[in-house]
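In: Give me a 3D structure for the following:
(2 chains)
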Amino acid sequence: EPEVTQTPSHQVTQMGQEVILRCVPISNHLYFYWYRQILGQKVEFLVSFYNNEISEKSEIFDDQFSVERPDGSNFTLKIRSTKLEDSAMYFCASTPGSQETQYFGPGTRLLVL
Amino acid sequence: AQSVTQPDIHITVSEGASLELRCNYSYGATPYLFWYVQSPGQGLQLLLKYFSGDTLVQGIKGFEAEFKRSQSSFNLRKPSVHWSDAAEYFCAVYSGGGADGLTFGKGTHLIIQP
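Out: Predicted coordinates:
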């Protein structure tokens, strides 16, 4: 069964550094998402991406964040200058169409020191 | 704004006992509702979903959920839990208006007693 994959599984970085989190969505899916889950808290929507552009973003997704689909398979989340409060689990998800079932990857745990 | 409430932060159930996890949503139109499960250190796995039709939906691992519009609820049930069901359970709803992001509840941590 096709799965969403994410790399790396864990990343440790220094405050102020740039990080890129990578995701490979399910191959025939057209909508891609990033969510984050701060330890002990609920999963929060960051951004959705369709047809090579952002279709929706939350108030969390400020100018420090960007997303890109650099090729036909990868979907990336970049944090330009990480802050301590960016420490969280970041999940990628994909769906074949709008408002269909979202399939989640295993997540990347980011720790900012 | 839409919201999802899971009133129970922790629930402890004996193995073999029945389970009900509560979920209430606040959303004007017919919601698209989901239950996901997260085992420790793992991602989110879809248990079941409700889009329309029969209000009692069956999912994987023996779980079911019932959509009750009058109560704005979508409670998750299982007649007999197994130790492997110990996990975090999240209820989620589409934000509506054609928007794409899921709104999640805070989750319920399920503990299984032997």
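
In: list the contacts for residue A:13?
Out: With contact taken as C-beta atoms under 8 Å, 6 or more residues apart in numbering or on different chains, residue A:13 is in contact with A:19, A:82, A:110, A:111, A:112, A:113. C-betas here are computed from N, CA, C, even on glycine.

In: now it, which residues is it bridged with?
Out: When bridges are assigned using DSSP bridges, the partners listed for residue A:13 are residue A:112.

In: Can you pull out the low-pLDDT segments for chain B?
Out: Residue ranges of chain B with pLDDT under 70: B:1, B:28, B:95-99.

In: redo that, cut-off 50
Out: By pLDDT under 50, chain B has no low-scoring segment.

In: For residue B:52, see how far away the nearest residue to residue B:73 once chain neighbours are set aside is.
Out: Ranked by C-beta to C-beta, 6 or more residues apart in numbering or on different chains and with sequence neighbours excluded, the top spatial neighbour of residue B:73 is residue B:24, at 5.3 Å. With the distance defined as C-beta to C-beta, to the nearest Å, residue B:24 ends up 19 Å from residue B:52.

In: So for these two, which residue has more residues nearby?
Out: The residue with more neighbours, out of residue B:24 and residue B:52 and counting by other C-beta atoms under 10 Å in any protein chain shown, is residue B:24; that gives 17 against 8.

In: what is the more buried one paired to in the beta sheet?
Out: Counting by DSSP bridges, residue B:24 is bridged to residue B:5, residue B:73.

In: residues in contact with it?
Out: For residue B:24, the set of contacting residues under the criterion of C-beta under 8 Å, 6+ apart consists of B:4, B:5, B:7, B:71, B:72, B:73, B:74.

In: Which entries within those meet the buried criterion?
Out: Taking 16 or more other C-beta atoms under 10 Å in any protein chain shown as the criterion, what is buried in the contacts of residue B:24 is B:4, B:73, B:74.

In: The contacts of residue A:13, buried ones only, as a ChimeraX selection?
Out: Applying 16+ other C-beta under 10 Å to the contacts of residue A:13, the buried members can be selected in ChimeraX as follows:
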select /A:19,82,110,112
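
In: which pair in the contacts of residue A:13 spans the largest distance?
Out: Taking every pair in these and measuring C-beta to C-beta, the maximum separation is 12.1 Å, between A:19 and A:113.

In: what's the distance between the residue lying closest to residue A:96 once chain neighbours are set aside and residue B:3?
Out: With sequence-adjacent residues excluded and distances taken as C-beta to C-beta, 6+ apart, residue A:96 is closest to residue A:29, at 5.1 Å. Residue A:29 sits 27 Å away from residue B:3 when distances are taken as C-beta to C-beta.

In: same question, residue B:108
Out: With the distance defined as C-beta to C-beta, residue B:108 ends up 16 Å from residue B:3.

In: Going by how many neighbours each has, rank those two and give me the top one.
Out: The residue with more neighbours, out of residue B:108 and residue B:3, is residue B:108; 20 against 12, by other C-beta under 10 Å.
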